[in-house]
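[1] Any chance you can model this:
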Amino acid sequence: MIIAKNCLVTLDYTVFDTENNLLDSGVTPLVYLHGGYIDIFEKLEKALEGKRVGDSIHMQLAPKDAFGEYRNDLVIVEERSQFEDDLEFGQQIEMVFSENEDEEIMMVYTVSDIQKDKVILDANHPLSGLSIIFDGTVIGVREATSEEIEKRLSHNQEEPLIEYES
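    I've put the predicted structure just below:
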């Protein structure tokens, strides 16, 4: 079977930066629904179209095609007094902001620095700003069930579902 719309695809993969540092060893195979569901990066999905079990891809993706450019506007500085005493570097914190009375936005920040009276929080993906090299081999392709497709359609996700080790 070839990879086409509404196929469930399984990949063995690794991800490196452009200096050949391993970013993700792909211990767990990547499974995604093919066909524009934003489950993987668009360029990867296009490269996998028409592939079969055993076929491989090797691609370098620029930041804009992977985890995005690093955005300074996603870094905020807050007063240290707003947080618990046990706050730790690398800890993730959810914060809710109100755009107006009817709309709230939840952001996940990572504590990137703790100073005496300030805390630096960063909502950028840990791999934003990096070009990555993706090596993948197709190890499974099958038609998705109608339940899998419906579940994906109802999952209102705005970024790829790929999660990499950081």
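
[2] just the strands in this protein please.
    7-17, 22-24, 30-33, 56-61, 75-79, 92-100, 103-114, 118-122, 132-143 (DSSP state E).

[3] Out of these, which gets nearest to Arg152?
    strand 30-33 (4.9 Å; CB to CB). C-betas here are computed from N, CA, C, even on glycine.

[4] Report the buried residues of the closest one.
    The neighbour-count check on strand 30-33 (16 or more other CB atoms under 10 Å) flags Leu30, Tyr32, Leu33 as buried.

[5] Go ahead and confirm Pro29 touches Leu8.
    No: assessed by CB atoms under 8 Å, Pro29 is found out of contact with Leu8, at 11.6 Å.

[6] Between those two, which is the more surrounded one?
    The residue with more neighbours, out of Pro29 and Leu8, is Leu8; 19 against 14, by other CB atoms under 10 Å.

[7] Which residues does the longest helix along the chain contact?
    Longest helix in the chain by number of residues (criterion: DSSP state H): helix 146-154. Identification of contacts with helix 146-154 by CB atoms under 8 Å, 6 or more residues apart in numbering yields Asn6, Leu8, Leu33, Tyr37, Asp39, Ala144.

[8] Could I get the pLDDT score of the nearest residue to the fourth one once chain neighbours are set aside?
    Translated: Tyr37. Ranked by CB to CB, 6 or more residues apart in numbering and with sequence neighbours excluded, the top spatial neighbour of Tyr37 is Arg152, at 5.1 Å. Note for Arg152: predicted pLDDT of 79.

[9] again with Leu87
    For Leu87, the model assigns a pLDDT of 92.

[10] and it, what is it in contact with?
    So Leu87 contacts Arg80, Val111, Ile114, Val119 (CB under 8 Å, 6+ apart).

[11] at 10 Å instead, please
    Arg80, Ile93, Val111, Ile114, Val119 (CB atoms under 10 Å, 6 or more residues apart in numbering).

[12] With Asn6 as the reference, measure out to the residue nearest to Tyr37.
    9 Å (CB to CB, to the nearest Å).

[13] Spit out the residues that contact the two alike.
    What both Arg152 and Asn6 touch, as defined by CB under 10 Å, 6+ apart, is the set Leu33, Gly35, Tyr37, Ala144.

[14] What residues are recorded as beta-bridge partners of Glu78?
    For Glu78, the beta-bridge partners are Val119 (DSSP bridges).

[15] one step back: for the contacts of Leu87, give me a markdown table that also has pLDDT.
    Below are the contacts of Leu87 laid out as a markdown table (pLDDT from 0 to 100):
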| residue | pLDDT |
| --- | --- |
| Arg80 | 94 |
| Ile93 | 92 |
| Val111 | 96 |
| Ile114 | 94 |
| Val119 | 96 |
